[in-house]
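*Asks:* Sequence first, predicted model second:
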Amino acid sequence: MIEIELKYRLSNAAAQQWLRRQRLGPYILLALGSKQVTDTYLDTPDNVVARAGYALRHRQKEGKKLLQLKRLSPASHSLHRRQELHIFTEHPFMPGRWPDTPEARFLRQIIGDAPLQPLFTLQQQRHEAHISQPNAFPFALLSLDDVRWLAGKREARAWELEIELLPSGHEAQLRTLATLLQDEPDLVPQPITKYERGLAMLSRA
């Protein structure tokens with residue numbers, strides 16, 4: 001699948017205001033509540049996943065566990081477009097116990113016999129809302145994330161806002177949202193992914 005989303009950074013004060021918002025221009029924000037998401041980013045000792053052009057994470061969300069392999073692609077301002085593959089497994093460090101799916105075979109081909117090891121952990125309190133026009137199906141998912149990066153003894157925290165295009169939406173609608181958000185003084189386009197920010201923190205540690 002191809003993930004298409006907008007990414008922004010914002011201050012804590014701005015995030016508190018966004019938590020109370022119900023509209024974005026002509027669009028309605030339909031609150032879905034909040035959830036805890038924990039991601040552990042993985043790679044081999046010689047970083048073969050990153051050198052192949054991907055980021056790999058093990059995500060735990062509402063009792064579900066899966067590996068997500070994302071293509072490392074440069075952003076265009078706030079717009080990110082990435083290939084994403086999913087492998088549902090309870091055994092992220094044991095390739096021999098992954099399901100026999102095309103996605104799992106592709107990842108095994110990348111890493112070969114090399115072991116996987118954790119790089120850093122990312123914890124998020126995620127506040128979600130569907131975006132729709134009045135009396136229409138949602139076309140995007142807004143996520144307001146209170147993010148913590150944990151790498152060894154180093155820790156960082158920030159708020160980020162993401163808007164991901166749903167299968168029922170069209171990219172033109174996402175670009176319309178990007179135009180609307182240009183007038184929001186509290187939002188700054190975020191061209192760097194959470195994975196890249198975690199790597200930078202890890203290198204400093």
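*Replies:* Received it, and whenever you're ready, just let me know what you need.
*Asks:* now the helices for the protein?
*Replies:* Under the criterion DSSP state H, the chain contains helices at 12-18, 48-51, 102-111, 171-181, 194-204.
*Asks:* The ones you listed: which one's closest to residue 76?
*Replies:* Of all the helices of the chain, helix 171-181 sits nearest to residue 76, with 9.9 Å by Cβ to Cβ. Yep, even glycine has a C-beta here, placed from its N, CA and C like the rest.
*Asks:* quick one: buried residues of that closest one?
*Replies:* Residues of helix 171-181 classed as buried: 173, 174, 177, 178, 181 (neighbour count, 16 or more other Cβ atoms under 10 Å).
*Asks:* Including mean pLDDT and distance to residue 95, could the helices of the chain go into JSON lines?
*Replies:* Shown next, in JSON lines, are those (pLDDT from 0 to 100; distance: least, Cβ to Cβ, whole Å):
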{"stretch": "helix 12-18", "mean pLDDT": "96", "distance to residue 95": "38"}
{"stretch": "helix 48-51", "mean pLDDT": "96", "distance to residue 95": "12"}
{"stretch": "helix 102-111", "mean pLDDT": "96", "distance to residue 95": "5"}
{"stretch": "helix 171-181", "mean pLDDT": "94", "distance to residue 95": "35"}
{"stretch": "helix 194-204", "mean pLDDT": "84", "distance to residue 95": "21"}
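*Asks:* Among those helices, single out whichever gets nearest to residue 60.
*Replies:* Using Cβ to Cβ, the nearest of the helices of the chain to residue 60 is helix 194-204, at 15.4 Å.
*Asks:* Would you list the phi and psi of the residue of the chain positioned farthest from its centre?
*Replies:* Most distant residue from the mean C-alpha position of the chain: residue 135, 28.3 Å away (Cα atoms, centre = their mean). Main-chain dihedrals, residue 135, degrees, to the nearest 10: phi 60, psi 40.
*Asks:* Please apply the same query to residue 91.
*Replies:* Residue 91 has phi and psi values of phi -130, psi 70 when expressed as degrees, to the nearest 10.
*Asks:* Neighbours of the residue lying closest to it once chain neighbours are set aside, how many?
*Replies:* Nearest in space to residue 91, with sequence neighbours left out and distances taken as Cβ to Cβ, 6 or more residues apart in numbering, is residue 97 at 4.2 Å. Around residue 97 there are 11 other residues, counting by other Cβ atoms under 10 Å.
*Asks:* follow-up on the earlier one: how far away is the residue farthest from the centre of the chain from residue 142?
*Replies:* Distance of residue 135 to residue 142, computed by Cβ to Cβ, to the nearest Å: 19 Å.
*Asks:* how about the strands in this protein?
*Replies:* Assigned by DSSP state E, the chain shows strands spanning 2-10, 23-24, 27-43, 54-61, 64-71, 79-88, 117-132, 140-151, 154-165, 188-189.
*Asks:* which stretch among these comes nearest residue 108?
*Replies:* Nearest of these to residue 108, taken as Cβ to Cβ: strand 79-88 at 9.8 Å.
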